[in-house]
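J.: quick one, structure for this:
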Amino acid sequence: MEPVTRVSGTAYPWGAKNIDTDVIIPAHWLKTIKRSGLGKGAFETVRAQPGNIFDDPAYAGAPILIAGDNFGCGSSREHAAWALGDMGIKAVIAPSFSDIFSGNAFKNGIVPVVLPQEAVDRLVEVAKTDPITVDLETMTVTTPYQDRFPFELDAFRRRCLMEGLDEVGLTLAKDTAISKFEERLDDERPWIRRDAAHAGFAVEGAGRT
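T.: Okay, here's the model as predicted:
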């Protein structure tokens, strides 16, 4: 996962409320376990409408999505976060998120920013003509017009995003401590390793004639 400290640029000034994961990525796209390529199916039903915001050249490649209340509700499909990431979205700003979607977004390097409805409304207007910046160091969303909206984020999630740590990365960060624990365990309880070795031999030899 790539570190995220600052997301700045064009934002989709959408603001739609109660967008569920089926709208973000329809069910027929869930057959794949690959994260790449899902951006083509993101917001498929919305894109079927003429003049939709996601196919507007003015917002092409925008790294920020401004949405309405209860974004990411519905099923728990992680493909929704994968699809947004494949679109190039690094941050989503909304008054509230589904807990499961928020967790999936965080695990995939997408910053879920919760702001009051008044701030979201203001950002929707600014994004129609100007860029927006989400800064994890200062924990603020800013605009060229001196707007400055502070937001909160769990300290652990903030650290993981800024350091680019997913579950695998967090485990590898503890590699030295894990190795030392295993060495100490071998010294204190050598029978565990011996029994494990015997069990492995038994399994390896099973079925031989």
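J.: surely T10 is in contact with I64?
T.: Yes: using CB atoms under 8 Å, T10 is in contact with I64, at 7.3 Å. Any C-beta I mention is one placed from the backbone N, CA and C, and that applies to glycine too.
J.: tell me, what residue is most central in the protein?
T.: A105 (2.3 Å; CA atoms, centre = their mean).
J.: show me how far the helix or strand hosting that residue is from its chain's centre.
T.: Using DSSP states H and E, A105 sits in helix 99-107. In this view, helix 99-107 has its centroid 6 Å away from the chain centroid, taken as CA atoms, centre = their mean, to the nearest Å.
J.: partner strands of whichever helix or strand comes after it, parallel or antiparallel?
T.: Downstream of helix 99-107, the next assigned helix or strand under DSSP H and E is strand 111-114. Under the criterion DSSP bridges, strand 111-114 sits next to strand 91-94 (parallel) in its sheet.
J.: now tell me what touches the partner strand from outside.
T.: The contact list for strand 91-94, computed with CB atoms under 8 Å, 6 or more residues apart in numbering, reads 4, 7, 11, 63-71, 84, 105, 110-115, 120, 123, 132, 134, 141.
J.: restricted to strands, list those residues.
T.: 7, 11, 64-66, 111-114, 132, 134, 141 (DSSP state E).
J.: any weak-confidence spans in the protein?
T.: Low-confidence segments of the chain (pLDDT under 70): 167-175, 180, 182, 192-209.
J.: that one - how does it break down into domains?
T.: Following automatic domain parsing, one gets these domains for the chain: 6-165, 174-205.
J.: between the two ends of the longest one, how far is it?
T.: Between the opening and closing residues of domain 6-165 there is a gap of 16 Å (CA to CA, to the nearest Å).
J.: okay, helices next: where are they in the protein?
T.: 21-24, 44-47, 79-87, 99-107, 117-127, 155-163, 167-173, 175-188, 190-205 (DSSP state H).
J.: right, so those: which one is the most enclosed?
T.: helix 79-87 (a mean of 25; mean count of other CB atoms under 10 Å).
J.: quick revisit: need the residues that contact the helix holding A105.
T.: 21, 71-73, 76, 78, 80-81, 84, 92, 97, 111-112, 157, 160-161, 166-167.
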